[in-house]
Each structure stands twice: as structure tokens, then as C-alpha cells.
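Undergrad: need coordinates for the below:
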Amino acid sequence: MKKNNSPSSIDHIPLPAALSDTGVPSDAAPAVLTLRSVSLGWRGKWAVRDATGVFQQGGLYAVVGPNGAGKSTFLNALVGQLPPAQGQIQRASTARFAYLPQHHGLDLSFPMSVYDFVALGLWAEVGAFRALTRAQHGQVQQALQQVGLADFAHRLLGTLSGGQLQRVLFARVAVQQAEVVLLDEPFAAVDEATSAQLLQIVLQWHQQGKTVIVVLHDLEMVRAHFPQTVLLAGQVVGWGPTEQVLSDENLHLARHLCAGDFL
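TA: Here you go, the predicted structure:
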């Protein structure tokens, strides 16, 4: 069969049965995302070139790299917002994806309550005109409880601090109950205490068997909590166990690639 390398080539593969209770992928864990020679870019400029690799079901992955490495572009492609210019991305056909971008783009002057904003995470199930069921109201309340904002349900988004707003964004991700969660620098604009709380939520999602993929800058956090890492520098420098990927040699190479020394 001839390989399809069209710019919008995103194939679908069936999602096999879930993993064991540990939530840790083994060598035999099914793939939820597979990249084959994927290049991402526009107008003749590549953000990521020739990326090949697999994200396994139940894995906890960090995506790291210097500024300009293509990390946000990479996540946009994984969730289908940016089609590959070359190559293929295969996604498990029955897996639901939830994505938290680096910049929320919200109009905080619009008078929307915390509760209503989180409930919008159920849009795919509810649609424009149906009311939430009792079970769905329970999902929203549980999500707010998880992020410590159960008492903020009726507050307007525009009255929240930066850390509180980020927790609301996490609640909106949580309410979707997706099997695959992608987060782009979720701790970048919050204080240390909020970062610690949100990190615990990420780890809980992983323990529940979700596949979690997070763009991060804090390499110490990555080494301490993320068993798998993708190191980008306009291309894949390393993809696999964190202790192997974050070697001094690989980090040195990534810095020089982003500086253009070896291009």
C-alpha cells in the first residue's frame, strides 16, 4: 500500500483495552499517538522536522527543549489543530483528548461564572440547547472540588487571581474525563504553591491510567516526576526514559541546534 504523506494526514487506530492498575506503560502498552516522519511548519519554515515516536497509553510524558524548539507547535499537531506538512500522525480512534494551551485567550471582561465556564468542558456531550443532567452537574462539582475551588462556583472569571484562573482551567480539562490530556506549560504563570497543587492533579490523572503529555521548562521537576521525556530542538533529540533523554550530551546538542550552530 502506498504511504499517504499528504499535509492533513492524521490516521486513526483502535484503542485496545486499558492497562493494569499501576497506570505505567510497559513495552507492550498500546499506542495512543504515533508519529511517522512528521514535519511541522509553514511558508517553507520548519518548526519541527522529521519527528518519529510513540506515546503509549497510560504514560506520563514531559516535552522539553530550549526556547524556539517547537514545543507548542508539537502539541498543536498532536491534538489535530495543526496538520503535518509531511508525514503522518495516528491517533487512537476511541480516545478522547483534552488540551490546555499555554495562552487561554479568554475575554475576562465577559461576565461568565466559574461554574458555567467549567461546564463548557461538557459541550461535546451537551451541545447548545440541552441542560446538564444531574450526573453532569456532579462532574462539574467534582472537578471544582479537585482543584480546591468548590466555593468559587458563582464567582466571575474576571475576579480571579492568575493562580485561581489556572486552577479553573484545570477543572475544565478534568470535567472532560479524557483518556489523553495535553498541557502546554501549565505551571508557567502561577506561584510555587499553586504549581505544587496542580502537579499533584497531573500525577493523579496519571495514576488513573490517563496518558498525560506536558510541556515543561523545569528540568528538575521533569527528572523527579516524569518517567518519559521528549526533547525537542526543531527536531527530536531524544524520546524515551527521562534519565537517558536528559543527558548532558543531549541537552548540549539541543541548545546548539536551537542556536543554529549545527543547521
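Undergrad: only C-alpha atoms from now on, for both contacts and neighbour counts.
TA: Will do.
Undergrad: what segments of this protein are strands?
TA: Along the chain, the segments classed as strands by DSSP state E run 10-13, 31-42, 45-56, 60-64, 86-92, 97-100, 180-184, 211-215, 228-232, 236-241.
Undergrad: what does the third one contact?
TA: If you take CA atoms under 8 Å, 6 or more residues apart in numbering as the criterion, strand 45-56 is touched by 25, 29-41, 69-70, 73-74, 87, 211, 233-236, 239.
Undergrad: dump the strands of the chain to TSV, plus mean neighbour count and distance to Ala131.
TA: Written out in TSV, the entries for the strands of the chain read as follows (neighbours: other CA atoms under 10 Å; distance: least, CA to CA, whole Å):
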stretch	mean neighbour count	distance to Ala131
strand 10-13	16	32
strand 31-42	20	32
strand 45-56	18	36
strand 60-64	26	35
strand 86-92	23	30
strand 97-100	20	22
strand 180-184	23	26
strand 211-215	26	30
strand 228-232	25	40
strand 236-241	19	44
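Undergrad: next, name the residue at the spatial heart of this protein.
TA: Centroid check for the chain by CA atoms, centre = their mean gives Leu182 as the closest residue, at 1.1 Å.
Undergrad: check contacts around it.
TA: With contact set as CA under 8 Å, 6+ apart, Leu182 has these partners: Leu75, Phe97, Ala98, Tyr99, Leu100, Val212, Ile213, Val214.
Undergrad: my guess is the fourth one contacts Val181. True?
TA: By that I understand Tyr99. Yes. Between Tyr99 and Val181 there is a contact under CA atoms under 8 Å: 6.0 Å.
Undergrad: common neighbours of those two, please.
TA: With CA under 8 Å, 6+ apart applied, the overlap between the contact sets of Tyr99 and Val181 consists of Val173.
Undergrad: quick one: the closest residue to Ala153 other than its chain neighbours and Gly162, what's the gap?
TA: Leaving aside its chain neighbours, Ala153 sits nearest to Tyr115 (4.6 Å; criterion: CA to CA, 6 or more residues apart in numbering). Using CA to CA, to the nearest Å, we find Tyr115 at a distance of 17 Å from Gly162.
Undergrad: for those two, indicate the residue with more neighbours.
TA: Counting neighbours by other CA atoms under 10 Å for Tyr115 and for Gly162 shows that Tyr115 has the greater number, 24 against 14.
Undergrad: which ones are touching the more buried one?
TA: With CA under 8 Å, 6+ apart, Tyr115 has these contacts: Val140, Phe152, Ala153, His154.
Undergrad: now those in TSV, with neighbour count and distance to Gln81?
TA: Written out in TSV, the entries for those read as follows (neighbours: other CA atoms under 10 Å; distance: CA to CA, whole Å):
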residue	neighbour count	distance to Gln81
Val140	27	26
Phe152	17	31
Ala153	19	30
His154	12	32
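Undergrad: among those, which are in helices?
TA: Of the positions in the contacts of Tyr115, Val140 sit in helices, assigned by DSSP state H.
Undergrad: and the contacts of Tyr115, which is closest to Ser247?
TA: Val140 (41.7 Å; CA to CA).
Undergrad: which residues in the stretch 151-263 of the chain form helices?
TA: With helices called from DSSP state H, counting those that start in this stretch, the stretch 151-263 of the chain shows them at 162-175, 192-207, 219-225, 242-245, 248-259.
Undergrad: can you list the low-confidence ranges for the stretch 1-150 of the chain?
TA: 1-27, 124-130 (pLDDT under 70).
Undergrad: please verify my assumption that Leu82 contacts Asn76.
TA: Yes. With contacts counted by CA under 8 Å, Leu82 reaches Asn76, the gap being 5.6 Å.
Undergrad: noted, bye for now.
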